[in-house]
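Asks: The sequence isn't on hand, but the structure is:
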């Protein structure tokens, strides 16, 4: 029932705690995505995911989003981030904010594991993207049309659709 007293707040504890290894985990070939705060948790306001990339793995080739911003927080190793035509090495503790319409990609060029927190705002039900990605990448060969359809469904738009399948999850 709605609060009819406009001068008094109704406080409700809807907080969520997920400890270090808690959350839904997707894994393949050493790449891991751990759902920390989902679209369902946040009423689609924010999505928080822990990503682990082994050496030599691509997280995503150059793409952009129309309806969401993305933030990377590196928690272990050194992540290579491409923003437009430039590239930067981002070490542990570094943060990269990528507003919508900014071309970006990321990968692990190092010989050590990279771990990062990836935040989408709004969430845009990003869990579906990760689940679909892990399913599509199990197929050999990867179906380029399915891959592109998944990208477009979840507000990811490749800058060069010919290179989108160079991902090696």
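Replies: Good, I have the coordinates. If you're wondering where the values come from, they're calculated on a predicted model, not measured in any experiment.
Asks: contacts and neighbour counts: CA atoms only from here.
Replies: Will do.
Asks: So for residue 77, what's the pLDDT?
Replies: We have a pLDDT of 98 for residue 77.
Asks: residues contacting it?
Replies: 91, 92, 110, 112, 113, 114, 115 (Cα atoms under 8 Å, 6 or more residues apart in numbering).
Asks: Of those, just the buried ones, PyMOL syntax please.
Replies: Selecting only the buried entries of those in PyMOL, with 16 or more other Cα atoms under 10 Å as the criterion:
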select buried, resi 91+110+113+114+115
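Asks: Can you tell me which of the contacts of residue 77 is closest to residue 24?
Replies: residue 115 (16.4 Å; Cα to Cα).
Asks: for the protein, what spans make up the strands?
Replies: 25-28, 31-37, 47-53, 58-64, 69-76, 78-83, 86-91, 95-98, 104-107, 114-121, 157-158 (DSSP state E).
Asks: what about these, which gets the closest to residue 6?
Replies: The nearest among the strands of the chain, by Cα to Cα, is strand 114-121 at 29.4 Å.
Asks: Give me the residue at the spatial middle of the protein.
Replies: residue 118 (4.9 Å; Cα atoms, centre = their mean).
Asks: thinking again about what came up before, make a markdown table from the contacts of residue 77 and add distance to residue 160 and pLDDT to it.
Replies: Below are the contacts of residue 77 laid out as a markdown table (distance: Cα to Cα, whole Å; pLDDT from 0 to 100):
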| residue | distance to residue 160 | pLDDT |
| --- | --- | --- |
| 91 | 27 | 98 |
| 92 | 29 | 98 |
| 110 | 25 | 97 |
| 112 | 28 | 98 |
| 113 | 27 | 98 |
| 114 | 25 | 98 |
| 115 | 26 | 98 |
